[in-house]
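Enquirer: Dropping a prediction and its sequence here:
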Amino acid sequence: MGSDDQGYVWKKAGDPLKEKEVKGTLKFEGGNLMVWGYMGWNGVGILCEVEGRVNAEQYVSILEECLLKSMKELGIDEEGIIC
């Protein structure tokens, strides 16, 4: 390896690279993140991290915590929503 973190291989023109001469890379280190969010005519609410698969119980929890908090921050009255 050189000081610029680049590796160099000498080979004859037309010769293929050998597996040991190729260094793999991982650009974004994998993983994932799922979020729930609110966006409306009056603004953008908070993002809420969602863990795993969403079932009915977790979705109600997201609405109670994130939606209601977003509505409060944006000045939306809870009485004005239709369920």
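Expert: That came in fine, so what should we check first?
Enquirer: from what I can see C66 touches I46, true?
Expert: Yes. Judged on Cβ atoms under 8 Å, C66 makes contact with I46 at a distance of 5.8 Å. The C-beta positions use only the backbone N, C-alpha and C, and glycine is treated the same way.
Enquirer: neighbour-wise, which of these two wins?
Expert: The residue with more neighbours, out of C66 and I46, is C66; 20 against 15, by other Cβ atoms under 10 Å.
Enquirer: For this structure, which segments count as strands?
Expert: 34-40, 43-50 (DSSP state E).
Enquirer: hey, where'd the helices end up in the protein?
Expert: 56-62, 68-73 (DSSP state H).
Enquirer: And K20, how far from A13?
Expert: Note on K20: its distance to A13, by Cβ to Cβ, to the nearest Å, is 20 Å.
Enquirer: And for W41?
Expert: Applying Cβ to Cβ, the value for W41 to A13 is 63 Å.
Enquirer: before we move on, the earlier item: just send the strands of the chain back as JSON lines, with distance to S61 too.
Expert: Listed next are the strands of the chain as JSON lines, based on distance: least, Cβ to Cβ, whole Å:
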{"stretch": "strand 34-40", "distance to S61": "10"}
{"stretch": "strand 43-50", "distance to S61": "9"}
